[in-house]
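> Next one to model:
(one chain, ligands or ions: 2)
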Amino acid sequence: MTVLILDDEVNFTEELQEYLEIKDFEAFTANTPAEGFKILQKKTIDLMILDVRLPGMSGIEILKDVKQTYPDMEVIIVSGHGDMDTVIQAMRNGAIDYLRKPFRHLDIQIAIERTQKYLKLFHKYKEMKNRSSLISLDLEQRIQRNFIGESKIIKEVLNLAITASQYPYTNVLITGESGTGKENVARIIHYSSPNKENAFVAVNSSAVPETLLESEFFGHKKGSFTGAIGDKSGFFEVANQGTLFLDEIADMPFNLQAKLLRALEEKRVSRIGGSEEINVELRIISATNHVVHDLVEQKKFRLDLLHRLNTVEIHIPPLRQRKEDIPLLLDFFLKEFAGKMNKTIPIYNPTLIDHLASYNFPGNVRELRNMVERAMIFQKGKELSAADFPLKDSIKKQVSHNDVNLNIEENEKRLIIIALERCDYNQNNASQILGISRDALVRRLKKYDIRIQKAM
Ligand SMILES: Nc1ncnc2c1ncn2[C@@H]1O[C@H](COP(=O)(O)OP(=O)(O)OP(=O)(O)O)[C@@H](O)[C@H]1O
Ligand SMILES: [Mg+2]
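Ligands and ions are numbered 1, 2, ... in the order given. Predicted coordinates for the structure are as follows:
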């Protein structure tokens with residue numbers, strides 16, 4: 001710890017310096033404000049001992065000055081007898097302590113020790129605050145950037161998620177086909193909530209053997225069953241005050257569901273083999289790619305538990321119902337994999353978008369992401385095109401009539417692109433399989449702004 005003593009009495013400063021050096025402080029002295037400022041400019045001073053009655057300049061002014069320039073430096077002021085007003089003024093201006101002259105060495109030692117203790121705590125606090133704000137900032141940024149989509153549908157999903165996030169103990173059920181981003185949305189809810197500093201625990205019950213599930217959820221005491229070698233806290237305890245994410249609730253064994261329901265109702269859990277009860281209050285976000293009411297009908301899921309879990313329900317529609325998000329997602333994943341593979345971000349032929357839009361994406365966003373990864377692994381030149389994104393039987397896979405795109409112009413455009421691809425972009429052949437004249441094809445190419453790339 002470095003200390004600066006500013007006092008016009010030479011004897012006083014020298015004596016105090018000697019004493020502080022014996023006590024292992026690095027001490028500097030100054031007898032005029034100018035000398036003091038010079039030292040402050042050159043050295044990092046942790047603590048200043050400042051006489052408030054200096055000739056020429058008010059000590060309070062100096063105090064205000066140095067606290068502004070060096071906010072991390074603490075100041076102990078030294079005042080004369082009967083100077084209480086000055087002391088009060090000094091404390092109001094940020095002095096940490098005061099000493100009244102004459103004082104014993106012991107007094108200054110106690111004041112310094114107190115200051116040291118305070119500084120230590122303060123530094124620790126600042127460090128922790130920085131660290132946690134860094135973590136959450138980083139996560140927040142990652143999460144926000146990660147959920148891509150400008151379609152009305154996706155904006156609605158995000159709005160619902162953000163609204164729900166503000167109520168930290170409200171349960172949310174997220175439904176949607178595989179790969180639609182359910183886990184992403186669950187994380188967005190947690191990391192936008194006032195409880196974001198607490199744990200987000202993701203549980204996939206199909207990944208844990210059924211016999212162990214109960215102890216995973218509720219924890220156990222040492223020796224409560226074979227294999228319980230030590231005390232263990234369960235998901236509920238770990239996620240207390242935070243979020244427990246139950247992925248694919250259809251895989252949750254029926255008898256565990258009853259135990260979960262009880263824990264949620266009582267807001268209390270006890271470890272297996274333990275008698276002590278622990279209060280828990282948390283948010284449960286659950287997800288499924290099944291139609292929940294079918295699950296209830298098939299007796300795979302308890303209706304009473306469902307009613308606890310679906311206070312807010314968020315449905316994420318499949319990618320084929322929000323194709324306007326495809327270009328954004330494509331750009332996002334190209335950038336992501338360029339970073340991961342240490343490549344430059346590829347450019348692509350505009351027809352690629354139509355090519356992708358003609359597909360129904362049974363695997364949703366995950367499938368698109370995988371396609372991009374694959375295309376970039378096998379990428380030859382600088383440019384990607386439809387040929388780098390082979391589609392699996394796109395038209396046949398359109399499952400129900402509800403999903404069939406009935407827009408005639410969009411379908412015409414799509415058929416033209418498919419025909420062109422099939423004929424390696426030979427317009428004569430393409431017009432033949434389309435059953436129209438070559439002129440008619442050319443007119444439509446113009447109309448739909450389909451550009452033919454030569455170098456295939
Ligand atoms: N809107 C989106 N923006 C960016 N990435 C997305 C988006 N939606 C999904 N993804 C990505 O797609 C992949 C699948 O998402 P996620 O794991 O959240 O899907 P899921 O709905 O939980 O699927 P499953 O039911 O199969 O578990 C992840 O890599 C995720 O980051
Ligand atoms: Mg998932």
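> What ranges does the stretch 1-150 of the chain have for its helices?
Assigned by DSSP state H, counting those that start in this stretch, the stretch 1-150 of the chain shows helices spanning 10-22, 33-42, 59-69, 84-92, 105-146.
> of all of this protein, which residue lies closest to ligand 1?
Here the chain gets closest to ligand 1 at one residue, Gly181, 2.7 Å apart by C-beta to the nearest ligand atom. Every C-beta, even on glycine, is put in place using the N, C-alpha and C of the backbone.
> Can you verify my assumption that that residue contacts Val365?
Yes - judged on C-beta atoms under 8 Å, Gly181 makes contact with Val365 at a distance of 5.6 Å.
> More neighbours: those two, which one.
Val365 (26 against 22; other C-beta atoms under 10 Å).
> Show the model's pLDDT score for the residue of the chain closest to ligand 1.
pLDDT for Gly181: 95.
> give the contact list for it.
Gly181 makes contacts with 147, 316, 364-365, as judged by C-beta atoms under 8 Å, 6 or more residues apart in numbering.
> now with 10 Å?
146-149, 154, 157, 174, 187-188, 316, 319, 364-366 (C-beta atoms under 10 Å, 6 or more residues apart in numbering).
> follow-up on the earlier one: now for Gly181 and Val365: what residues contact both?
Shared contacts of Gly181 and Val365 (C-beta under 10 Å, 6+ apart): 147-149, 316, 319.
> who wins for most neighbours among the residues you listed?
Leu319 (28 neighbours).
> Surely that residue and Tyr359 touch.
Yes - using C-beta atoms under 10 Å, Leu319 makes contact with Tyr359 at a distance of 9.1 Å.
> Keep only those of the shared contacts of Gly181 and Val365 that are also close to ligand 1.
Restricting the shared contacts of Gly181 and Val365 to those touching ligand 1 (C-beta under 6 Å from any ligand atom) yields 147-149.
> which of those lies closest to Asp325?
Checking these against Asp325 with C-beta to C-beta, the nearest one is Gly149 at 4.3 Å.
> what about the residue lying closest to Arg444 once chain neighbours are set aside, distance to Asn405?
Nearest residue to Arg444, sequence neighbours excluded (C-beta to C-beta, 6 or more residues apart in numbering): Ile416, at 5.9 Å. Distance from Ile416 to Asn405, counting by C-beta to C-beta, to the nearest Å: 15 Å.
> the more surrounded of those two?
Taking neighbours as other C-beta under 10 Å, Ile416 and Asn405 compare with Ile416 leading, 21 against 15.
> Just confirm the more buried one contacts Ile450, I think it does.
Yes - using C-beta under 10 Å as the test, Ile416 is close enough to Ile450 to be in contact (6.4 Å).
> Name the residues contacting each of those two.
354, 441, 444.
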